[in-house]
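Colleague: My questions concern the predicted model and sequence given below.
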Amino acid sequence: MLVTLDDAKTIHDTGSVRTNKLTGTIVKEINAIDIFTFNIYPDNSYYSDLKELTSLIKVYDKESLIFDGRVLTISPYMTDSGEIGKQVVCEGGLCFLKDSVPIIKQLKCTIRTYIATLLSAHNNSVESYKQIHIGNINCSQAQHTFNPGYEDTFSELTKNLISGEDIRGEMRVRIGKGGIRFFDFIANEFSEFSNKTIQLGRNMRSITQAIDPSEIITRLYPLGAVINDDTGERVTLSGVKYIDNDQLIKRYGVHAGTMIFDNITTPGVLSGAGRVCAGALKAAKVQYEVSAIDIDKKLDGFAVGCRYRVVNSYLGIDEVLRCIGTSIDINDRSQNVLTFGDKIDTISGMSARK
């Protein structure tokens, strides 16, 4: 891989015979700013040229640009063995949206118009190299109300489009021709299918399964519209106030939770909506961390958002799973780690036999 500083300076080339190479890892996740962390050493020609927030960093894998961003922090260090260097943390293209604050009034408009308004405000207030243009927007034409929060543009977009109550989509920055950055958004999820198979005995080195049961709901209490503003009382079911998912209760026991339907005003309609949701309740979130080697030279590396067939007979896994994150070693592809399945916070589980 090739790492450049401010487009003109090569600070790392995996294929070079030079000894002053970087060591580092690029981490990519859905709806998150890419992070590239590397160590640089005093014998590197550009050791003193790195500057927080203004130095621009690009990483190329052959002809593909896999990281584009800036230096965030620089931390000089010396180890107990006497090694001296700097640990440098860089953030990817979405980070530039943190440099602007959109001062706008309440907007009642489509998602596309909202995104276009915020990006226009961003581009008008930052340097040209930080500009991001509207890209592929895949969503309905429904009107939504967006209230100003007076936070930075990245936070506003995340709050309203990613973690909002009625909109939960995915966003990313994509590099187009001429290095122009484009903002893409989809109202559900970016997902492509690959013909690659990640399989034990072929290109899978190891796999770890993590299970998070903390958000399991097996007994659902549906709640409708508010019927008393003073007390906050809502419409509930007639008689028994909950709906059980018997299959999940048999496996996990009783774990109660609520679901709010603000537009439902009668118990009968609430019962129907609640039963649909109770039947769709999922078991524990499952995530897999896979160390895999990309052995097919005709195809590009593994991509976040893409679905792959994952096969491991020891764990009984033969599923098409979505890659939600990658960790890329800039010197050794065999050390790359892929994350498949649900995004969870609790990491526990077991390692498979190799």
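Modeller: Ah, there it is.

Colleague: Lys159 in helix, strand or coil?
Modeller: helix (DSSP: H, G, I helix; E, B strand; the rest coil).

Colleague: how close does it sit to Asp34?
Modeller: Lys159 is 20 Å from Asp34, where distance means C-beta to C-beta, to the nearest Å. C-beta: built from backbone N, CA, C; applies to glycine.

Colleague: show me where pLDDT drops low in the stretch 151-300 of the chain?
Modeller: Along the stretch 151-300 of the chain, segments meeting pLDDT under 70 span 165, 212, 214, 282-285, 294-300.

Colleague: Show me the strands in it, by range?
Modeller: 170-175, 181-186, 192-199, 204-212, 219-223, 226-228, 233-234, 243-244, 256-260, 285-292 (DSSP state E, counting those that start in this stretch).

Colleague: now the fourth one against strand 285-292, angle please.
Modeller: In terms of direction (axes from the mean of the first three to the mean of the last three C-alpha atoms, to 10 degrees), strand 204-212 departs from strand 285-292 by 160 degrees.

Colleague: Show me what counts as buried in strand 204-212.
Modeller: For strand 204-212, a neighbour-count test (16 or more other C-beta atoms under 10 Å) marks Met204, Ile207, Thr208, Gln209, Ala210, Ile211, Asp212 as buried.

Colleague: Could you count how many residues lie near His144?
Modeller: 18 (other C-beta atoms under 10 Å).

Colleague: sorry, that was for Asn312
Modeller: Neighbour count of Asn312, defined by other C-beta under 10 Å: 21.

Colleague: Ile35 too?
Modeller: Counted with other C-beta under 10 Å, Ile35 comes out at 19.

Colleague: How about Ser271?
Modeller: Neighbours of Ser271 under the rule other C-beta under 10 Å: 18.

Colleague: Residue numbering should commence at 158 henceforth.
Modeller: Renumbered: residue one is now 158, and that last one reads Ser428.

Colleague: which non-adjacent residue is nearest it?
Modeller: Once flanking residues are discounted, Ser428 sits nearest to Leu394: 5.6 Å by C-beta to C-beta, 6 or more residues apart in numbering.

Colleague: And the strands in the stretch 158-307 of the chain, which stretches?
Modeller: 159-162, 166-170, 180-186, 192-197, 213-218, 221-235, 241-249, 264-266, 290-295, 301-303.

Colleague: Format those as JSON lines; extra columns: distance to Leu275 and mean pLDDT.
Modeller: What follows is the strands of the stretch 158-307 of the chain, written out as JSON lines (distance: least, C-beta to C-beta, whole Å; pLDDT from 0 to 100):
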{"stretch": "strand 159-162", "distance to Leu275": "30", "mean pLDDT": "96"}
{"stretch": "strand 166-170", "distance to Leu275": "33", "mean pLDDT": "94"}
{"stretch": "strand 180-186", "distance to Leu275": "22", "mean pLDDT": "95"}
{"stretch": "strand 192-197", "distance to Leu275": "23", "mean pLDDT": "97"}
{"stretch": "strand 213-218", "distance to Leu275": "23", "mean pLDDT": "94"}
{"stretch": "strand 221-235", "distance to Leu275": "20", "mean pLDDT": "95"}
{"stretch": "strand 241-249", "distance to Leu275": "19", "mean pLDDT": "97"}
{"stretch": "strand 264-266", "distance to Leu275": "9", "mean pLDDT": "94"}
{"stretch": "strand 290-295", "distance to Leu275": "10", "mean pLDDT": "96"}
{"stretch": "strand 301-303", "distance to Leu275": "9", "mean pLDDT": "92"}
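
Colleague: out of those strands, nearest to Leu380?
Modeller: Taking C-beta to C-beta, strand 301-303 is the member of these nearest to Leu380, at 22.3 Å.

Colleague: So which of the buried residues of strand 361-369 is the closest to Thr270?
Modeller: Asp369 (36.9 Å).

Colleague: Any idea how far apart the tips of stretch 335-347 sit?
Modeller: 24 Å (C-alpha to C-alpha, to the nearest Å).

Colleague: next one: stretch 347-360
Modeller: End to end - C-alpha to C-alpha - stretch 347-360 spans 25 Å.

Colleague: can you put the strands of the stretch 308-457 of the chain in TSV and add distance to Thr236?
Modeller: Below are the strands of the stretch 308-457 of the chain laid out as TSV (distance: least, C-beta to C-beta, whole Å):
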stretch	distance to Thr236
strand 327-332	35
strand 338-343	37
strand 349-356	35
strand 361-369	28
strand 376-380	53
strand 383-385	60
strand 390-391	59
strand 400-401	57
strand 413-417	48
strand 442-449	26
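
Colleague: what's the closest of those to Ser297?
Modeller: strand 338-343 (11.2 Å).

Colleague: got a list of contacts for that closest one?
Modeller: For strand 338-343, contacts defined as C-beta atoms under 8 Å, 6 or more residues apart in numbering pick out 225, 250, 253, 268, 272, 276, 288-296, 318, 326-333, 347.

Colleague: at 6 Å instead, please
Modeller: Residues outside strand 338-343 that contact it (C-beta atoms under 6 Å, 6 or more residues apart in numbering): 250, 289-295, 326-331, 333.
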